[in-house]
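# need a structure here:
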Amino acid sequence: MIIGVRADGTKELIAVADGTRESTDDWAELLRDCRRRGMRAPVVMVGDGVLGLWRALREVFPATREQRCWVHKVANVLAALPKSVQAGARRALNEILGAEDRAHAERAIQALVTDYGAKWPKAVAKVVDDQEALLAFFDYPAEHWLHLRTTNPIESTFSPVRARTRVTKGPGSKDAGLAMVFKLLEAAEQRWRAVNGPHLVALVRAGARFDKGRLVERPAEPAGEVAA
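Have a look, this model is predicted:
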């Protein structure tokens, strides 16, 4: 399932398909279908650690930046740590994702390495190895950080889908199941709210540059045009 954000800040269901979750081929075909239908390369894509998705993205939309979901990342890191240190590690992770800018986040990552890297290197590596993809959101408007840090819109939307699947004890066939999922998602789409700072989406799409969440460079105006 792919949810997109239009230039006016509204969210839209872009695609839903059945497939093998980890399959690069399935994800690539879904992205190619979006491209055939006229979708341009997204500026940034947010997702969890599904390797097939990221391999497919680099194949179909290589210019699109990657942003890892922090909710999934925190859960994965804590699962690799003993319960006795999970509370402290969670606070350390929250220091990173809640940092005021990229520089503070990078220092918080170094603190995580110092405090936990020696005893639990595999857990810390989950953050260090994905550092660039975890911090990509800092390069966009501060108003959008909340939306870019997590795949929550998809996760929360799929909750009623899972509930309906349990109630119906299966849709009966693959096509019927896909149709049921689509209709549930289509109904949920009516309740999605626009992203914060919707007026900034078009600037992001046009290539404006942001530093510490603030606009520092507007995109160049096309030749012959005058900004309003």
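# gap between the two ends of stretch 113-121?
Stretch 113-121 stretches 8 Å from its first residue to its last (CA to CA, to the nearest Å).
# contacting residues around that stretch?
Applying CB atoms under 8 Å, 6 or more residues apart in numbering, the contact partners of stretch 113-121 are 80-81, 85, 88-89, 92, 123-124, 128. All C-beta spots, glycine's among them, are computed from the backbone N, C-alpha and C.
# quick one: which of these has the most company?
Counting neighbours by other CB atoms under 10 Å, residue 124 leads those with 23 neighbours.
# so where do the strands sit in the protein?
For the chain, the strands defined by DSSP state E cover 2-5, 11-15, 44-47, 65-68, 209-211, 214-217.
# just the ones you listed: most buried one?
Most buried of the strands of the chain, by mean neighbour count (mean count of other CB atoms under 10 Å): strand 65-68, with a mean of 21.
# partner strands of that one, parallel or antiparallel?
Strand pairing for strand 65-68, using DSSP bridges, gives strand 44-47 (parallel).
# And for the strand it pairs with, what's in contact with it?
Outside of strand 44-47, the residues within contact range by CB under 8 Å, 6+ apart are 53-54, 57, 61, 64-69, 136-137, 140, 147-151.
# What of stretch 159-173?
With CB under 8 Å, 6+ apart as the criterion, stretch 159-173 contacts 177, 179-181, 184-185, 188.
# now do 10 Å
1, 16, 158, 176-185, 187-188 (CB atoms under 10 Å, 6 or more residues apart in numbering).
# Could you let me know which of those residues ends up closest to residue 219?
residue 1 (30.3 Å; CB to CB).
# Could I get the phi/psi values of the nearest residue to that closest one once chain neighbours are set aside?
Distance criterion CB to CB, 6 or more residues apart in numbering; nearest residue to residue 1, sequence neighbours excluded, is residue 16 at 4.8 Å. Backbone torsions for residue 16, taken as degrees, to the nearest 10, come to phi -150, psi 130.
# and residue 16, how many residues sit next to it?
Residue 16 - counted by other CB under 10 Å - has 16 other residues nearby.
# mind listing what it touches?
Residues near residue 16 by CB under 10 Å, 6+ apart: 1-3, 30, 161, 178, 181-182, 184-186.
# Flag whichever of these scores worst on pLDDT.
Of all the contacts of residue 16, residue 161 carries the smallest pLDDT score, 72.
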